[in-house]
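Asks: Pasted the sequence and its predicted model underneath.
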Amino acid sequence: MTPPLPPRPRRPSGFRVFLRTLGRGLNVTRLVIINVVFFGVLSIVLLLIVGGIAGSRMQREVKNHSVLVLKPQGRLVEQYSIDPLQRVLEGLSGNAPKQVQLRDLVGAIDAAAHDRRISRILLMPGDLQGGGFAALREVGAALDRFRAAGKPVIAWAVNMDQGQYYLAAHADRVLVDPQGGVMLTGLANYRLYYKDLLDKLGVEVHLFRVGQFKSAAEPYILDHASAQAKQADSYWMDGLWNNYLDQVAKLRKLDPATLRADIDNLPQDIGSTQGDLAQLALNEHLVDGLATRAQLIAMLRKDGVPAGKQGHGFREVNLDRYAASMPQHDNGSTPGVAIVVAEGEITGGKQPPGRIGGESTAALIRAARHDRRTRALVLRVDSPGGEVFAAEQIRREVALTRAAGIPVVVSMGNVAASGGYWISMDANRIVAEPNTITGSIGIFGMYYSVPDTLAKLGVFSDGVRTGPMAGAFDITRPLDPKVGAVIQVIIDKGYRNFVGKVARARGKSYAAIDAIAQGRVWTGQQALDRGLVDQLGGLRLAVADAARLAKLGKGYPVRYVEAPLGGFERFLVGINQSASIHLLQSWGVRLPDWLAQMPALAPELQLLRQARAGTPNIYADCLCAPR
């Protein structure tokens with residue numbers, strides 16, 4: 001008997017085949033993406049390592065008779081607010097980071113003054129986007145020290161605004177392209193006012209302030225600047241502009257009155273050169289000559305600067321490469337001066353570099369105080385103020401540092417006003433530049449309510465409460481005038497505290513400080529005349545002053561106290577400060593521009609910044625912000 005045949009295997013349905021094929025396709029796609037990302041990242045890391053090894057050799061190859069080319073791009077800042085990964089990616093994509101650290105620029109100029117390999121500086125300020133006159137004055141002082149060492153500075157640009165020209169005026173020779181020019185206009189301070197818009201939206205803004213000149217919140221309650229605001233702003237702006245004119249006139253050997261007249265009469269004078277701004281700048285002795293870039297190079301070659309690679313251009317070294325070649329000093333346990341930077345708006349809690357946090361900045365001061373190497377502290381302030389309690393947290397740490405026997409000197413940068421002055425006032429000494437913006441001793445509070453806004457939408461609020469203060473700060477309800485009176489009393493008390501603390505710190509009467517407070521802004525020179533600061537000068541002077549108070553001898557180390565970086569961030573900073581990026585670019589290695597935006601496009605990468613080795617990292621983060 002023939003055994004029965006085994007049943008035929010059933011053919012899978014077409015839908016199952018489709019799903020299986022789709023699954024395999026997705027799996028292959030997943031593996032391809034993972035491998036591309038993995039090997040792409042691995043390639044970048046290997047290139048950086050190879051570039052770092054070759055770049056370390058390149059760093060030592062700053063040849064004799066080199067020109068240090070300073071071409072700052074972006075803003076001058078006290079402290080980077082761009083994180084290290086973003087700076088590396090921007091560098092590899094060929095885009096210079098849009099921030100230049102003031103200490104790096106000044107440090108390179110001072111080092112070059114005594115470096116036999118550097119014969120001169122070529123300053124190209126055309127891409128500098130701002131930095132405040134006090135910061136520019138610091139750089140200008142460094143350029144003056146370089147010139148005092150017997151080395152020339154040449155400035156060249158296509159076009160220069162008044163901030164860029166403020167730096168260029170420190171050069172031995174100032175040149176512009178024949179198609180460019182110099183545009184000096186004066187200072188202006190125009191703001192937008194929102195009262196009519198808020199009225200149309202039905203938003204009620206309640207302002208509580210003390211000080212007739214405390215005008216920071218006026219745009220929310222007025223549709224124009226108040227007479228008091230115009231009066232106060234005109235006074236400090238005139239002081240700032242007069243300082244600018246005096247400084248530029250002195251550097252260029254001009255008469256300040258003539259310089260002012262030339263700036264004010266631009267509409268009439270430009271016709272004399274048929275619209276040629278470069279020729280007008282030459283006629284008015286703002287520049288020493290007109291030159292294209294090719295003519296500039298020929299001029300440098302004629303002055304004895306050797307040719308560059310393959311006989312082209314001239315022998316040069318840029319700021320980043322030169323800074324990377326500078327020796328790094330490890331001072332070990334040698335006592336010295338610590339510097340803490342307080343830059344940006346003052347807010348509560350912990351904030352990243354480039355911002356001031358009540359907790360984070362106070363912690364830096366505390367860390368400096370507890371460090372046995374710290375004999376004196378310099379607090380470098382560049383801040384318009386912010387939250388009162390956060391400022392008070394920082395001020396208390398300054399007071400505790402003084403109480404511990406460590407002298408504290410404040411060095412004011414571009415702005416140290418209102419809350420910026422609050423954190424400064426308890427120092428042993430306050431040093432400001434003549435064109436620092438400071439003062440503004442006063443406080444204000446704002447409260448918003450939106451019952452009329454809701455009414456326009458047909459929405460109304462109603463209910464009950466257990467007492468007169470219950471629900472007092474419900475923004476859907478009108479503000480009770482009695483509650484407003486309570487807020488004003490609190491603001492009044494805050495102002496008395498502010499003025500009283502300043503009076504005690506400066507050794508003056510309450511009435512004397514109140515007379516120059518009232519929220520009024522002063523320049524550094526005006527503040528010195530009124531006893532709000534002790535001396536005019538920059539960070540260099542403040543450090544010397546702190547060392548003197550601490551009775552430190554010569555050769556003391558100076559170190560910045562900053563939040564510690566993680567291992568990955570330290571690696572990125574090292575790469576960014578080395579010559580490897582420039583070497584990789586010379587090899588033709590350049591990342592696409594979009595990759596520089598990866599931190600924003602791929603926020604999940606930010607999780608690596610806080611990852612701890614050797615332990616599970618648990619997150620509760622949706623990373624779901626739309627982009």
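Replies: Sure thing, it's come through.
Asks: Which residue, other than its chain neighbours, is closest to the residue nearest the centre of the chain?
Replies: By Cα atoms, centre = their mean, the chain has its centre lying nearest to Val77, at 3.3 Å. Leaving aside its sequence neighbours, Val77 sits nearest to Gln99 (Cβ to Cβ, 6 or more residues apart in numbering; 4.9 Å). (C-beta placed from N, C-alpha, C; glycine too.)
Asks: What number of residues are in the vicinity of the one you found?
Replies: If you count neighbours by other Cβ atoms under 10 Å, Gln99 ends up with 20.
Asks: And it, how close does it get to Gly289?
Replies: 32 Å (Cβ to Cβ, to the nearest Å).
Asks: what's the answer for Arg375, then?
Replies: Arg375 sits 49 Å away from Gly289, going by Cβ to Cβ.
Asks: what does Gly445 give?
Replies: Gly445 is 56 Å from Gly289, where distance means Cβ to Cβ.
Asks: Please, where are all the helices along the stretch 351-500 of the chain?
Replies: Under the criterion DSSP state H, counting those that start in this stretch, the stretch 351-500 of the chain contains helices at 358-370, 388-403, 419-422, 451-456, 481-506.
Asks: Which one, of the ones you listed, ends up nearest to Gly553?
Replies: helix 358-370 (20.3 Å; Cβ to Cβ).
Asks: tell me the pLDDT at Leu167?
Replies: Looking at Leu167, its pLDDT is 96.
Asks: pLDDT below threshold where in this protein?
Replies: By pLDDT under 70, the low-scoring segments of the chain are 1-23, 25-26, 28-60, 82-97, 329-331, 565-627.
Asks: If we use 50, what do you get?
Replies: Per-residue confidence for the chain (pLDDT under 50) gives these ranges: 54-56, 58-59, 93, 566-581, 583-589, 591, 593-627.
Asks: distance between the ends of stretch 294-309?
Replies: 16 Å (Cα to Cα, to the nearest Å).
Asks: Can you list the buried residues in that stretch?
Replies: Buried residues in stretch 294-309, counting neighbours by 16 or more other Cβ atoms under 10 Å, are found at Leu296, Ile297, Met299, Leu300, Val305, Gly308.
Asks: and for that stretch, what are the contacting residues?
Replies: 63, 65, 67, 119-120, 122, 154, 156, 175, 291, 313-316 (Cβ atoms under 8 Å, 6 or more residues apart in numbering).
Asks: how distant is that stretch from the center of its chain?
Replies: Computed by Cα atoms, centre = their mean, to the nearest Å, the chain-centroid distance of stretch 294-309 equals 35 Å.
Asks: Same check on stretch 282-300?
Replies: Using Cα atoms, centre = their mean, the offset of stretch 282-300 from its chain centre is 32 Å.
Asks: And stretch 199-212, by the same measure?
Replies: Distance, centroid of stretch 199-212 to centroid of chain: 31 Å (Cα atoms, centre = their mean).
Asks: Show the end-to-end separation of that stretch, please.
Replies: Chord length of stretch 199-212, first to last residue, is 24 Å (Cα to Cα).
Asks: mind listing what's buried in it?
Replies: Val203, Glu204, Val205, His206, Leu207, Phe208, Arg209, Val210, Gly211, Gln212.
Asks: Likewise for stretch 245-262?
Replies: Going by neighbour count (16+ other Cβ under 10 Å), the buried part of stretch 245-262 is Leu245, Gln247, Val248, Ala249, Leu251, Arg252, Leu254, Leu259, Arg260, Asp262.
Asks: The fifth one falls within a helix, correct?
Replies: Right, the one you point to is Leu251. Yes - assessed with DSSP: H, G, I helix; E, B strand; the rest coil, Leu251 lies in a helix.
Asks: do you know how far it is from Ile475?
Replies: Taking Cβ to Cβ, one finds Leu251 at 54 Å from Ile475.
Asks: ok, now the first one?
Replies: Between Leu245 and Ile475 the distance, using Cβ to Cβ, works out to 49 Å.
Asks: ranges for the strands of the stretch 151-300 of the chain?
Replies: 153-160, 173-182, 204-210, 289-290 (DSSP state E, counting those that start in this stretch).
Asks: can I get these in CSV with distance to Asp426?
Replies: Shown next, in CSV, are the strands of the stretch 151-300 of the chain (distance: least, Cβ to Cβ, whole Å):
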stretch, distance to Asp426
strand 153-160, 39
strand 173-182, 43
strand 204-210, 21
strand 289-290, 51
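Asks: Kindly compare burial across the ones you listed and name the winner.
Replies: Counting by mean count of other Cβ atoms under 10 Å, strand 153-160 has the highest mean neighbour count of the strands of the stretch 151-300 of the chain, with a mean of 23.
Asks: Let me know the angle separating that one from strand 173-182.
Replies: 0 degrees (axes from the mean of the first three to the mean of the last three Cα atoms, to 10 degrees).
Asks: list the helices and strands strand 153-160 packs on?
Replies: strand 118-123, helix 133-148, helix 162-168, strand 173-182, helix 293-302 (3 or more Cβ pairs under 8 Å, 6 or more residues apart in numbering; DSSP states H and E).
Asks: Now tabulate the ones you listed in JSON lines and tack on distance to Val341.
Replies: Compiled in JSON lines, the helices and strands packed on strand 153-160 are given as follows (distance: least, Cβ to Cβ, whole Å):
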{"stretch": "strand 118-123", "distance to Val341": "25"}
{"stretch": "helix 133-148", "distance to Val341": "12"}
{"stretch": "helix 162-168", "distance to Val341": "21"}
{"stretch": "strand 173-182", "distance to Val341": "32"}
{"stretch": "helix 293-302", "distance to Val341": "36"}
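Asks: Out of the ones you listed, which is closest to Val561?
Replies: It's helix 133-148; of the helices and strands packed on strand 153-160, that one is closest to Val561 (Cβ to Cβ) at 19.8 Å.
Asks: circling back to that earlier point, export the buried residues of stretch 199-212 to CSV and tack on distance to Pro434?
Replies: Listed next are the buried residues of stretch 199-212 as CSV, based on distance: Cβ to Cβ, whole Å:
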residue, distance to Pro434
Val203, 41
Glu204, 42
Val205, 36
His206, 38
Leu207, 33
Phe208, 34
Arg209, 29
Val210, 29
Gly211, 24
Gln212, 26
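Asks: sorry, back to before: which one of the buried residues of stretch 245-262 is nearest Gly553?
Replies: Looking across the buried residues of stretch 245-262 and measuring by Cβ to Cβ, the closest to Gly553 is Gln247, at 33.8 Å.
Asks: what's that closest one in contact with, if anything?
Replies: Listed by Cβ under 8 Å, 6+ apart, the contact set of Gln247 reads Arg137, Tyr166, Ala169.
Asks: before we move on, what about Ala542?
Replies: The contact partners of Ala542, taken as Cβ under 8 Å, 6+ apart, are Val378, Arg380, Val409, Val410, Ser411, Arg429, Val431.
Asks: from those residues, which two are the most distant?
Replies: Arg380 and Arg429 (13.6 Å).
Asks: between those two, which one's more packed in?
Replies: Using other Cβ under 10 Å, the more surrounded residue of Arg380 and Arg429 is Arg380, with 24 against 17.
Asks: Quick check: that one touching Ile339?
Replies: Yes - contact criterion Cβ atoms under 8 Å: Arg380 and Ile339 qualify, at 5.9 Å.
Asks: what about Ile118, distance to Glu316?
Replies: 10 Å.
Asks: Overlap in contacts, those two.
Replies: Counting by Cβ under 8 Å, 6+ apart, the residues touching both Ile118 and Glu316 are Ser66, Val67, Leu68.
Asks: Tell me the most packed of the residues you listed, by neighbour count.
Replies: Neighbour max across the shared contacts of Ile118 and Glu316 (other Cβ under 10 Å) = Leu68, 27 neighbours.
Asks: Give the bridge partners for that residue, please.
Replies: Leu68 has these beta-bridge partners by DSSP bridges: Ile121, Val317.
Asks: Could you measure from it over to Leu143?
Replies: As for Leu68, its distance to Leu143 is 11 Å (criterion: Cβ to Cβ).
Asks: Mutual contacts of these two, please.
Replies: Residues touching both Leu68 and Leu143 (Cβ under 8 Å, 6+ apart): Ile109, Ile121.
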